[in-house]
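Colleague: Let me see the structure of the following:
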Amino acid sequence: MSKSIRLAFSLLAEAAGNAMIARMRNYLGPTRLRLIFFLLAGTGLMSLFLNASGGDAEQVAELQTALLLIFIVGFVLIIASRAERYNQIRLLIVLAPSFVAFIIGLFVIPDLLPPLLGAALGWVVASAFLVRDTRRAEYKMAVKHLRRNEYAEAVKMMDSLIKLEPDNEEHYRFRAVILRIWGKPGRAKRDYVKVTELNPDSAGAYNDLAEVHLQMGEFEEALNAAMKAHELSSNDWVTAYNLGMIEDRLHHPDESIRYLQLALEHDVPDARHRLLIHFYLARAYVRKGELDAAEQAVSELKAHKQALKDWRKILDSEQSVTLRQVLGADIEAARALIEDELELAALS
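Modeller: Below you'll find the predicted structure:
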């Protein structure tokens, strides 16, 4: 058993590495993420200490099993604390009976462990269907209205959900998206502010707030929100990119260059945003009078010429009004630079 337990801890430690941090940071926030790492470090170190103690092998294996269970339970509780009340109840219904069956088979009736594990797994699968989230129907209806440009009806669907669950940040976030597409950024801003109140550790919430401030031309407010997002998630290219774009709007070339270069260091995954980063870098260097650096940025911009097609497809959509307001002029200027229709000096 001890070898299996050590292997389990090894796999858990690997799962808690950099890849997991990147995926879970925005959802959990730094406080819950730290709790998970402390839990993992504590149980892991205690397991290693038991291995080195030289005690009875059977007793060590039992204690390590208990430590593994402590980690699993603690991990689930931390994740569940992030979910809204409705999903916490669903999670309890799904996992509690299976966990009890596992404990009975492990410590009370070891001979029945295999069938109890089978029953536990069967319950997880069956209960996942029995207690599935019926609210998805409201989201589907809202999306259907959105695709038909029936914005008022889409907002009403989200209003009904928010009335039922006023502390669910995702409802406010989705309603804000609808409102922005509808051309009502003021109302969307109120929803994004509510999201930051419900989840002050969410970099994504502050990114959203920064973007709606940017849409409204409130650049200083956008900068403050983007700074907060970057504090919460400094290794995320999106937070650095947003700061670079906002500093561009404020005509702060040094700060814009710093954040845009930082975004590139964090491996921007798509060519569309790399294209805009090189465009903003070119403009920042022109404003600083560093024309050689600006020419190099334009060369990088031209290397991403194919991304213009993607931007055109996106901006041609009826529901891209907001995006056209924020990025349309920049994308057109980038196109003109690529096709040598615009002089560098015109960027200043």
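
Colleague: only C-alpha atoms for contact and neighbour calcs from this point on.
Modeller: Will do.

Colleague: ok, residue 164 - how many residues close by?
Modeller: Neighbour count for residue 164, taken as other C-alpha atoms under 10 Å: 10.

Colleague: Look up how far residue 138 lies from it.
Modeller: To residue 138, residue 164 is 12 Å away according to C-alpha to C-alpha, to the nearest Å.

Colleague: what do you get for residue 60?
Modeller: Noted for residue 60: a distance of 51 Å to residue 138, by C-alpha to C-alpha.

Colleague: Check residue 343 too.
Modeller: According to C-alpha to C-alpha, residue 343 stands 50 Å off from residue 138.

Colleague: returning to what we had before: quick one: which of residue 60 and residue 138 has more around it?
Modeller: residue 60 (19 against 16).

Colleague: Which residue ranges make up each domain of the chain?
Modeller: Listed domain ranges for the chain are 2-130, 134-200 (source: automatic domain parsing).

Colleague: Would you mind checking the average pLDDT for the longest one?
Modeller: Meaning domain 2-130. Taken as a whole, domain 2-130 has a mean pLDDT of 67.

Colleague: ok, how many other residues are close to residue 329?
Modeller: The tally of other residues near residue 329 (other C-alpha under 10 Å) stands at 11.

Colleague: can you list the residues that contact the strand or helix carrying residue 327?
Modeller: In the assignment (DSSP states H and E), residue 327 maps to helix 321-338. For helix 321-338, the surrounding residues in contact (C-alpha atoms under 8 Å, 6 or more residues apart in numbering) are 180-181, 183, 214-215, 276, 279, 298, 301-302, 305, 308, 311, 315, 342-344.

Colleague: number of nearby residues for the nearest residue to residue 260 once chain neighbours are set aside?
Modeller: Counting by C-alpha to C-alpha, 6 or more residues apart in numbering, residue 244 is the residue found nearest to residue 260 once chain neighbours are left out, at 5.1 Å. By other C-alpha under 10 Å, the residues close to residue 244 number 30.

Colleague: List the residues that contact residue 244.
Modeller: 255-260, 280.

Colleague: Residue 34: which of these is nearest?
Modeller: Distance to residue 34, by C-alpha to C-alpha, is smallest for residue 259 among these, at 26.2 Å.

Colleague: The closest one against residue 240, yeah?
Modeller: Yes. Applying C-alpha atoms under 8 Å as the test, residue 259 and residue 240 come out as touching, 5.1 Å apart.

Colleague: Which one's more surrounded, these two?
Modeller: Taking other C-alpha under 10 Å, residue 259 and residue 240 do not tie; residue 240 has more neighbours (27 against 23).

Colleague: element containing that one?
Modeller: helix 237-249.

Colleague: Against which helices or strands is the helix or strand following that helix packed?
Modeller: Going down the chain from helix 237-249, the next helix or strand is helix 253-265, by DSSP H and E. The helices and strands touching helix 253-265, judged by 3 or more C-alpha pairs under 8 Å, 6 or more residues apart in numbering; DSSP states H and E, are helix 237-249, helix 271-288.

Colleague: mind putting those helices in a markdown table, distance to residue 230 included?
Modeller: Below are the helices and strands packed on helix 253-265 laid out as a markdown table (distance: least, C-alpha to C-alpha, whole Å):
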| stretch | distance to residue 230 |
| --- | --- |
| helix 237-249 | 5 |
| helix 271-288 | 17 |
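
Colleague: Throw those helices into TSV and include distance to residue 200 and mean pLDDT, thanks.
Modeller: Below are the helices and strands packed on helix 253-265 laid out as TSV (distance: least, C-alpha to C-alpha, whole Å; pLDDT from 0 to 100):
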stretch	distance to residue 200	mean pLDDT
helix 237-249	16	96
helix 271-288	27	96
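
Colleague: List the contacts of residue 257.
Modeller: 244, 281, 284-285.

Colleague: please redo it, this time with the cut-off set to 10 Å
Modeller: Neighbour list for residue 257: 243-245, 247-248, 263, 277-278, 280-285 [criterion: C-alpha atoms under 10 Å, 6 or more residues apart in numbering].

Colleague: Which of the residues you listed sits closest to residue 116?
Modeller: residue 263 (50.1 Å).

Colleague: Where does pLDDT dip in the stretch 101-250 of the chain?
Modeller: For the stretch 101-250 of the chain, the stretches with pLDDT under 70 are 102, 105-107, 113, 117, 120-135.
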